[in-house]
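>>> structure of the sequence below:
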Amino acid sequence: MTILAAALVAIGVADLIPRRRYALTAALAALLVVTALVTPHSVASWVVLAVEVAGVTAWILLRTVPRGREWLPLTVLGATIATPVLCAPWISVSRSALLDDLLSGGQGPWRWFEADRAILVGSLFLTMLATGNTIVRLVLAAVGATPPERSHRPDPSKTLKGGRILGPLERVFILGLGLAGQFTAAGLVIAAKGLIRWPELTAQADPHHVPPGPAAHGEPDPCPPEAAAAGPSIGPDEEASVAPFAQAVAEEAAPAEPPVRRASIEDITEYFLVGSFVSWLVALTALVIAHP
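Alright, predicted model coming up:
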């Protein structure tokens, strides 16, 4: 699992950096630092390590693919994670003495962990941040829950804001509570997200909602729309005198902006449910990998 942890560290570090060139450099540097702490002994170990380097590089280059090809980086990421897991019986590596002294020698906060497990858990927490957001974004685009960049279709993410912050926090809490054995508390974290988002979802259910006014309480409106549209009653002489001013005001008035199109409640609900379930699956998958 040490080779897998090295790949996850590289992916997690790269996804924190927006620019592709800098991300690739940081990922390869992180991969070299982690793999320098271990030494592969078998041919299979070197082959798996080469596959992980290729997978990390491909993920960084493909994570911003054009619309319609989101399955490609997701497949690359899945293969990068599955390869060392499936080949674990044939992988043989040795840890450096420095790593054992630091993580298993009775010093530091990780002294109760084995060295391999400590690196793996740390890498999984790292991937819960930007990498988890990237996975959710790719899946949402793949299923059509978010519109293309130049589409006239309203974007639900403009309505349900804060997902890039709430998502990583949620995944970190689920993974941490799961590792601590507090599965009930992890379930409460999942339920809390629905409660937090519920007011925003219900607010979109009635887009024609009218703020309360006199008519909402059964009182007559002192200025009904018909009267406002008709305007005050004036005579012919007064109308002729104010006509030039009214024409000048109408010419100087700026054209009204078109109404902002908002996403429908169906699109918002699909966006919320798909994004939430994918985020939970990312955290649960990490929990399964981290399980001893």
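>>> now the helix or strand where residue 197 lies: mean pLDDT?
Using DSSP states H and E, residue 197 sits within helix 183-203. For helix 183-203, the mean pLDDT works out to 79.
>>> using PDB, list the CA coordinates for that helix.
Extracted in PDB, the C-alpha atoms of helix 183-203 (Å, rounded to 0.1, in the frame of the first residue of the first chain):
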ATOM      1  CA  PHE A 183     -20.000   5.200  12.300                       C
ATOM      2  CA  THR A 184     -23.200   6.600  13.900                       C
ATOM      3  CA  ALA A 185     -21.600  10.000  14.100                       C
ATOM      4  CA  ALA A 186     -20.500   9.700  10.500                       C
ATOM      5  CA  GLY A 187     -24.100   9.000   9.500                       C
ATOM      6  CA  LEU A 188     -25.200  12.100  11.400                       C
ATOM      7  CA  VAL A 189     -22.700  14.200   9.400                       C
ATOM      8  CA  ILE A 190     -24.400  12.800   6.200                       C
ATOM      9  CA  ALA A 191     -27.800  13.700   7.500                       C
ATOM     10  CA  ALA A 192     -26.700  17.200   8.600                       C
ATOM     11  CA  LYS A 193     -25.900  18.100   5.000                       C
ATOM     12  CA  GLY A 194     -29.500  17.500   3.900                       C
ATOM     13  CA  LEU A 195     -30.800  19.600   6.800                       C
ATOM     14  CA  ILE A 196     -28.400  22.400   5.900                       C
ATOM     15  CA  ARG A 197     -29.400  22.400   2.300                       C
ATOM     16  CA  TRP A 198     -33.200  21.900   2.900                       C
ATOM     17  CA  PRO A 199     -34.100  25.600   3.200                       C
ATOM     18  CA  GLU A 200     -32.200  26.400  -0.100                       C
ATOM     19  CA  LEU A 201     -34.000  23.500  -1.900                       C
ATOM     20  CA  THR A 202     -37.500  24.500  -0.700                       C
ATOM     21  CA  ALA A 203     -36.900  28.100  -1.600                       C
END
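>>> next, the buried residues of it.
186, 189, 190, 193, 197 (16 or more other Cβ atoms under 10 Å). All C-beta spots, glycine's among them, are computed from the backbone N, C-alpha and C.
>>> and for that helix, what's in contact with it?
Contact with helix 183-203 is made by 159-160, 166, 170, 173-174, 177-178, 265, 268-269, 272, 276, 280, as judged by Cβ atoms under 8 Å, 6 or more residues apart in numbering.
>>> one more: stretch 23-33?
Residues outside stretch 23-33 that contact it (Cβ under 8 Å, 6+ apart) are 6-7, 9-11, 13-15, 17, 52-53, 56-57, 60-61.
>>> any of the residues you listed buried? List them.
6-7, 9-11, 13-15, 17, 52-53, 56-57, 60.
>>> show me the contacts for residue 81.
Residue 81 neighbours (Cβ under 8 Å, 6+ apart): 4, 7, 8, 289.
>>> same for the host helix or strand of the first one, what does it pack against?
With elements taken from DSSP H and E, the one containing residue 4 is helix 2-15. For helix 2-15, the elements it packs on are helix 20-35, strand 38-40, helix 43-62, helix 71-86, strand 93-95, helix 115-127, helix 130-142, judged by 3 or more Cβ pairs under 8 Å, 6 or more residues apart in numbering; DSSP states H and E.
>>> what about that helix, average pLDDT?
Helix 2-15 comes out at a mean pLDDT of 87.
>>> what does stretch 123-134 give?
pLDDT averaged over stretch 123-134 gives 93.
>>> any chance you could list what contacts it?
Stretch 123-134 is contacted from outside by 4-6, 8-9, 11-13, 15-16, 63, 163-164, 167-168, 171-172, 175-176, 279, 282-283, 286, 289-290, using Cβ under 8 Å, 6+ apart.
>>> among these, which ones are buried?
So, by 16+ other Cβ under 10 Å, the buried ones in the contacts of stretch 123-134 are 4-6, 8-9, 11-13, 15, 63, 163, 167-168, 171-172, 175-176, 279, 282-283, 286, 289-290.
>>> longest helix in this protein, by residue count?
Across the chain, the helix with the greatest residue count (assigned by DSSP state H) is helix 265-290.
>>> can you state the direction angle for that one and helix 183-203?
With axes from the mean of the first three to the mean of the last three Cα atoms, to 10 degrees applied, the angle from helix 265-290 to helix 183-203 works out at 160 degrees.
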